[in-house]
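Trainee: Structure for this input, please:
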Amino acid sequence: MEAQYTEIGNILLTRDDGILVFVPDDMTNRDRRLLADWQAAGNVIKPYTPPVVSPFLPLDPAPFWLAALDLLNTTQEDILAGVPEGPEREAARINMRDRKTYVRHDPMVDDLATRQSISSEQMDSLWLYVQENYK
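Mentor: Coordinates of the predicted model:
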């Protein structure tokens, strides 16, 4: 069993069977009293931790590829040339052509960057630049 406070002060309880239960932090509540017994046995309710907000917004394909062309002099064809013939290349082609948006830490984006010898740090900088300049 696992328990963690939520943003509004309730407790999110994850039971051993995987079921989630929201418990008010109010000792008149039966489930909260059971949690108090659980705590008395040495267990801890984890504090609330706010979600990490990524600075990397999803990008539309057009700005992404325009920036690749402008800044890296790289086209989709250049990238595809580095992918082995067969199903892997076709999957890369479909991913580049049919995605409605790209997200920064998508394995496809990371793989394509690696194939072009673009480090993760360089891709982060490129991504933020595209967000600001290719709207």
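
Trainee: dump the residue contacts of the closest residue to residue 44 other than its chain neighbours.
Mentor: Spatially, and ignoring its direct neighbours in sequence, residue 44 is nearest to residue 3 (8.0 Å; C-beta to C-beta, 6 or more residues apart in numbering). Every residue, glycine included, has its C-beta placed from N, CA and C. Neighbouring residues of residue 3 by C-beta atoms under 8 Å, 6 or more residues apart in numbering: 11-14, 23, 35, 38, 43-46.

Trainee: Pull out the buried members of those.
Mentor: 11-13, 23, 35, 45 (16 or more other C-beta atoms under 10 Å).

Trainee: quick check: longest helix of this structure.
Mentor: Ranked by residue count and defined by DSSP state H, the top helix of the chain is helix 120-133.

Trainee: and it, how far from the chain's centre?
Mentor: Distance of helix 120-133 from its chain centroid, counting by C-alpha atoms, centre = their mean, to the nearest Å, is 16 Å.

Trainee: What are the buried residues along it?
Mentor: 123, 126-127, 130-131.

Trainee: just to revisit the earlier point, in JSON lines: the buried ones among the contacts of residue 3, plus secondary structure.
Mentor: Formatted as JSON lines, the buried ones among the contacts of residue 3 follow (DSSP: H, G, I helix; E, B strand; the rest coil):
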{"residue": "11", "secondary structure": "strand"}
{"residue": "12", "secondary structure": "strand"}
{"residue": "13", "secondary structure": "strand"}
{"residue": "23", "secondary structure": "strand"}
{"residue": "35", "secondary structure": "helix"}
{"residue": "45", "secondary structure": "coil"}
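
Trainee: what's the farthest-apart pair in these?
Mentor: The distance between the two most remote of the buried ones among the contacts of residue 3 (C-beta to C-beta) is 11.1 Å, for 12 and 35.

Trainee: hmm, back to that, with distance to residue 75 added, can I get the buried ones among the contacts of residue 3 in JSON lines?
Mentor: Formatted as JSON lines, those follow (distance: C-beta to C-beta, whole Å):
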{"residue": "11", "distance to residue 75": "53"}
{"residue": "12", "distance to residue 75": "47"}
{"residue": "13", "distance to residue 75": "52"}
{"residue": "23", "distance to residue 75": "55"}
{"residue": "35", "distance to residue 75": "58"}
{"residue": "45", "distance to residue 75": "53"}
